[in-house]
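Student: whatever this is, show me its structure:
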Amino acid sequence: MIGWFHEKGDGVVEPIWVETVRRSAPFTMEQEHGHAAYEVYYLAEGRRRYFIRDQTYRIEAGTLVFIDRFELHRTLDDGVAEHERILIQFTEQWLDRLTPEERRWVYLPFDGGGSLLRLSMRERGYAEDLLRRMAKEWRERAEGYELCLRALFVQLFVYIGRLLRGRREQEDAGEQPAHPRIAEVARYVAERCAAQAAGKFDDAEDGGAVRLAAVARRFGLSPYYLSRAFRRETGFTFTEYVSAVRLKEAQRLLRETDARVVDVAAAVGYRNLSHFGRAFRRFAGCSPLQYRKSYR
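Tutor: Numbers count the residues shown, from 1 in each chain. You can find the predicted model right below:
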């Protein structure tokens, strides 16, 4: 969920969270996923698909994925159920503990919304050791663990930054989405929803530009094919994706403007305020007013 954080038992938000999980059964994220924390996803074993913003990538073991704050994302099976991943999520509160120079290294892989970094076997050994040591420190919480965690965290991002500076240009140029046509559709839907939220058009007057039939017609596809292909490649039904993008825009308006909730709802295509409130709570885990308050 967007706006979702890990919390301690006393309700205090964890500034950093590190977890190692091994799965042997098929697993796909059930809900739209994005949050106000930065995320680093490392696939230690197996093969996965990863939907980020509007594209789906196939990733192999040894891949690091960097997800910027508030970015819509979801992981999906890719024919191999068994996999192991290491996940780091951290907030601005965690970054406040770092020096400006340390933060500069941390922000590097998130430039432009995030990136993928495929590691060689030699690089994997070094990075994976740092990640597993971080997970161990966070899990066991022995005396002085925060100092060790911070040191390992900074060391990891300096190493990542050096690798990215050496290959980012060729890595970005060579990275292609798993299904370019579906990526185009997802990008179009996101752009139309953002334009609607900005007041550039009214969806009702524009002929339902982001409805399945209209989008399928625009891209020369049958609604049936688009519906099946979209879910297979992204993990979202078409309707779920449209709803997620609209609610993500609603969150942006709540964070960045003083518009009334009813106006925010209308801006992202909800004519019924109660319907908007229920949908927002399912998506974000809190009401629109609670969400806005958390950023003021």
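Student: what number of residues lie near R187?
Tutor: Here the number of neighbours of R187 (other Cβ atoms under 10 Å) works out to 14. The way it works is simple: take the backbone N, C-alpha and C, and place the C-beta from them, glycine included.
Student: my read is that it contacts D54, right?
Tutor: Yes. In this structure, R187 sits in contact with D54. The criterion is Cβ atoms under 8 Å, and the distance is 4.2 Å.
Student: in the sheet, who's paired with R74?
Tutor: Beta-bridge partners of R74, counted by DSSP bridges, are F51.
Student: for burial, what's the neighbour tally of it?
Tutor: For R74, the tally of surrounding residues (other Cβ under 10 Å) stands at 22.
Student: before we move on, what about Q93?
Tutor: By the measure other Cβ under 10 Å, the count of residues near Q93 is 12.
Student: quick check: closest non-adjacent residue to it.
Tutor: The shortest distance from Q93 to any non-neighbouring residue, by Cβ to Cβ, 6 or more residues apart in numbering, is to P15 (4.3 Å).
Student: ok, the one you found to E191 distance?
Tutor: Distance, P15 to E191, using Cβ to Cβ, to the nearest Å: 34 Å.
Student: report the mean per-residue pLDDT for stretch 182-197.
Tutor: Here stretch 182-197 scores 88 as its mean pLDDT.
Student: make residue 1 into 12 and carry on from there
Tutor: Sounds good: first residue 12 from here, last item stretch 193-208.
Student: what sits up against it?
Tutor: Contact with stretch 193-208 is made by 64-67, 188, 212-214, 220-221, 226, 229-230, 237, 240-241, 244-245, 252-253, 256-257, 260-261, 263-264, 278-280, as judged by Cβ atoms under 8 Å, 6 or more residues apart in numbering.
Student: do the same with stretch 122-132
Tutor: In this structure, residues lying in contact with stretch 122-132 by Cβ under 8 Å, 6+ apart are 61, 63-64, 68, 70-71, 73-79, 82, 120, 138, 171, 174-175, 179, 182-183, 186.
Student: again, 6 Å this time
Tutor: Residues from elsewhere that reach stretch 122-132 (Cβ atoms under 6 Å, 6 or more residues apart in numbering): 73-79, 82, 120, 138.
Student: got the CA coordinates for it in CSV?
Tutor: As requested, C-alpha coordinates have been extracted for stretch 122-132 and formatted as CSV (Å, rounded to 0.1, in the frame of the first residue of the first chain):
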residue,chain,number,x,y,z
ASP,A,122,17.9,9.3,-9.7
GLY,A,123,15.1,9.3,-12.3
GLY,A,124,12.8,7.2,-10.1
GLY,A,125,15.0,4.2,-9.7
SER,A,126,17.0,1.6,-11.6
LEU,A,127,18.1,-2.0,-12.0
LEU,A,128,21.7,-3.2,-11.5
ARG,A,129,22.7,-6.6,-12.6
LEU,A,130,25.8,-7.9,-10.7
SER,A,131,28.5,-10.1,-12.0
MET,A,132,29.4,-13.2,-9.9
